[in-house]
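Asks: Provided below are the primary sequence and the corresponding predicted coordinates.
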Amino acid sequence: EDKVVQSPLSLVVHEGDTVTLNCSYEVTNFRSLLWYKQEKKAPTFLFMLTSSGIEKKSGRLSSILDKKELSSILNITATQTGDSAIYLCAVEYAGGTSYGKLTFGQGTILTVHP
Amino acid sequence: KAGVTQTPRYLIKTRGQQVTLSCSPISGHRSVSWYQQTPGQGLQFLFEYFSETQRNKGNFPGRFSGRQFSNSRSEMNVSTLELGDSALYLCASSRTSGGAYETQYFGPGTRLLVL
């Protein structure tokens, strides 16, 4: 059975700290890994990572995929209270039998205190 | 460009009733996927539609069904509601799926409470 596991499940930090969120996966027909941020309702897209191993960056956020370790990390530097959210990673499948399906991890709840 | 919209945003039903939720994708997006999010199970894939055809289905009972219209808008229906169907139902759209690296963009969800 396909698995996507995130760690830690929750994290409490203070503003200015740097955090690293982890996502590991065991799936067949891997195509890409996606990170989303969910604050109140809609998960908002952060990054898509493929087996190319290219690091993605956006402001204080960065992410990379380790295809040998079947894992990905999401780094947030100089955290702000606005970074408080649930961070979700999801795996997308290659091949025609898994159209439109993402398999999600449980999510990491990040709380940033002022 | 307008994002994915879902209606209604909140819904309260009683056991045994049925419910229909609606999703309008981003303009130009033809693939719509539906997910159920609960505290215990997280986000789980329900089904995906493309060009009015269901191409993929998750492990949910037949009480969960959907359809897509020619303008790519999609509806999902849950019949004979059970307490365990209480959840946030999210839809996501992408231009295509299965053939390219296409990002799914999510709507705000419909919060369903079954009493």
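Replies: Noted; the coordinates are in hand.
Asks: Quick one: residues contacting the residue of chain B found nearest chain A.
Replies: When scored by C-beta to the nearest C-beta, chain B has B:E48 as its residue closest to chain A, at 2.7 Å. Every C-beta, even on glycine, is put in place using the N, C-alpha and C of the backbone. Counting by C-beta atoms under 8 Å, 6 or more residues apart in numbering or on different chains, B:E48 touches A:Y99, A:G100, A:K101, B:S31, B:V32, B:S33, B:W34, B:Q54, B:R55, B:N56, B:K57, B:S97.
Asks: Now name the helix or strand holding it.
Replies: Following DSSP states H and E, one finds B:E48 within strand B:42-50.
Asks: For that strand, the averaged confidence score.
Replies: Mean pLDDT, taken over the full extent of strand B:42-50, equals 94.
Asks: go on, stretch A:73-90?
Replies: Stretch A:73-90 comes out with an average pLDDT of 97.
Asks: Then stretch A:105-114?
Replies: Stretch A:105-114 shows a mean pLDDT of 97.
Asks: Identify each buried residue in that stretch, please.
Replies: A:G105, A:Q106, A:G107, A:T108, A:L110, A:V112 (16 or more other C-beta atoms under 10 Å in any protein chain shown).
Asks: What is the end-to-end distance of it?
Replies: End-to-end distance for stretch A:105-114: 28 Å, by C-alpha to C-alpha, to the nearest Å.
Asks: Other residues contacting it?
Replies: For stretch A:105-114, contacts defined as C-beta under 8 Å, 6+ apart pick out A:4-15, A:17, A:19, A:21, A:23, A:38, A:76, A:79-90, B:42.
Asks: quick one, phi/psi of the closest residue to A:L61 other than its chain neighbours?
Replies: Nearest residue to A:L61 in three dimensions, chain neighbours excluded: A:I76, at 5.5 Å (C-beta to C-beta, 6 or more residues apart in numbering or on different chains). Dihedral pair for A:I76: phi -130, psi 120, per degrees, to the nearest 10.
Asks: Test of understanding: give the bridge partners of A:I76.
Replies: A:V19, A:L61 (DSSP bridges).
Asks: Compute the number of surrounding residues for it.
Replies: By the measure other C-beta atoms under 10 Å in any protein chain shown, the count of residues near A:I76 is 22.
Asks: Show only the entries of the buried residues of stretch A:105-114 found in helices.
Replies: Judged by DSSP state H, helices contain none of those.
Asks: just the residues you listed now: which is nearest chain B?
Replies: Nearest to chain B among the buried residues of stretch A:105-114: A:Q106, at 5.2 Å, using C-beta to the nearest C-beta.
Asks: Which of the buried residues of stretch A:105-114 fall within strands?
Replies: Cross-referencing the buried residues of stretch A:105-114 against strands under DSSP state E gives A:T108, A:L110, A:V112.
Asks: can you map out the strands along chain B?
Replies: Using DSSP E, the strands of chain B run over B:5-7, B:10-13, B:19-24, B:31-38, B:42-50, B:53-57, B:64-68, B:74-78, B:87-94, B:105-106, B:110-114.
Asks: Save these as TSV, and put in distance to A:G53 too.
Replies: Shown next, in TSV, are the strands of chain B (distance: least, C-beta to C-beta, whole Å):
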stretch	distance to A:G53
strand B:5-7	36
strand B:10-13	43
strand B:19-24	34
strand B:31-38	27
strand B:42-50	26
strand B:53-57	28
strand B:64-68	36
strand B:74-78	35
strand B:87-94	23
strand B:105-106	25
strand B:110-114	38
